[in-house]
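Student: sequence unknown, structure follows:
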């Protein structure tokens, strides 16, 4: 039995806590908000995110950061913009060699660092791992079959986390490509937001299939430019997470995109969804990274103009469809990119 602290009591943090408790581990969930923690303790239910799913009494609920002391595993499950602050606040509490698993998805604004890079800066004494894949909290919390991938620099850390998480309905693969696993889980949110916009506009299945396919190409371009392995984007954290996030109504990014396609601004859509829409923040970061590194990402660029530049979504589609002729295989033929 492992002693585990989950830092973050949103939908995914709660779902992971339920999974690990069911595996027989001792689990503590930390909440940023005292009022949120009090509500969870009173109802033993995360009503905003996982209504109807009861939190067992065995799971300890707290807003005291000291709960992360003397743990076998720390799991970071906050929104991406909160990762650095939480990590900084617990750094002095964690010993040398502490295993820290990030399950948040995103790229830090302004620095454009991946979240494992953020954690490495704030927690240099710790062993950092990341886990990603097609895993809606609504389904994991109800025990529906799910697969994820965990990546770490050392195989021992990845294997340990694999053993902690795996059970009859949650299967975990290991990987050594931290950058690829992280970027797949982050960048797919931008493409899912775009798929939602297409749904809001009333575009068909052909359009969405094209967007997902070419979106995966753009994810792979940026990922490989940043040192990731191309094949990682064909795996669970790339293609797998892309499919589920682009097609499911559990996806907050897709839901926000639908509202934008129907005429709302990005800010209005986020307020309506009432959850953090990581694809909006990640779009800005991906656009900046692509520009810095000279990586062509036309879908991301057009999404950026829609979200932040006031461009109409229908005009963005026209811009994409009107681009110059290309060869599909980027490494063959005339080396056209």
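Tutor: Arrived safely. Keep in mind it's a predicted model, so treat the numbers as computed, not measured.

Student: mind listing the helices for the stretch 101-250 of the chain?
Tutor: Shown for the stretch 101-250 of the chain, the helices assigned by DSSP state H, counting those that start in this stretch span residues 115-122, 137-140, 155-165, 178-201, 205-225, 241-247.

Student: residues in contact with stretch 289-299?
Tutor: 107, 112, 190-191, 194, 211, 214-215, 218, 221-222, 225-226, 286-287, 300-301, 319-320, 323, 337 (C-beta atoms under 8 Å, 6 or more residues apart in numbering). Backbone N, C-alpha and C define where each C-beta goes, glycine included.

Student: Could you pull up the mean pLDDT of that stretch?
Tutor: Average pLDDT, stretch 289-299: 96.

Student: Just checking the distance from it to the centre of its chain.
Tutor: Centroid separation for stretch 289-299 versus its chain: 20 Å, with C-alpha atoms, centre = their mean, to the nearest Å.

Student: Endpoint to endpoint, it covers what distance?
Tutor: Using C-alpha to C-alpha, to the nearest Å, the end-to-end distance of stretch 289-299 comes to 14 Å.

Student: Where do the strands of the protein begin and end?
Tutor: Assigned by DSSP state E, the chain shows strands spanning 3-7, 26-30, 60-62, 73-76, 99-102, 127-132, 146-152, 170-175.

Student: Could you say which one of the ones you listed comes nearest to residue 39?
Tutor: Nearest to residue 39 among the strands of the chain is strand 60-62 (9.7 Å), distances taken as C-beta to C-beta.

Student: Emit the ChimeraX select command for whichever of the contacts of stretch 289-299 are buried.
Tutor: To isolate in ChimeraX the members of the contacts of stretch 289-299 that are buried, counting by 16 or more other C-beta atoms under 10 Å, one can use:
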select :107,190,191,194,211,214,215,218,221,222,226,286,287,300,301,320
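
Student: Contacts for stretch 138-146, please.
Tutor: 11, 14-16, 18-19, 22, 50, 53, 133-135, 169-171, 250.

Student: quick one, what contacts the most centrally placed residue in the chain?
Tutor: By C-alpha atoms, centre = their mean, the mean C-alpha position of the chain lies nearest to residue 105, the distance being 2.6 Å. Applying C-beta under 8 Å, 6+ apart to residue 105 gives the contacts 80, 115, 132, 182, 185-186, 189, 278.

Student: Among those residues, which one has the most neighbours?
Tutor: Ranked by the number of neighbours (other C-beta atoms under 10 Å), the contacts of residue 105 place residue 185 first, at 33 neighbours.

Student: sorry, back to before: sort out which of the contacts of stretch 138-146 are buried, if you could.
Tutor: Applying 16+ other C-beta under 10 Å to the contacts of stretch 138-146 flags 11, 14-16, 18-19, 22, 50, 53, 133-135, 170-171 as buried.
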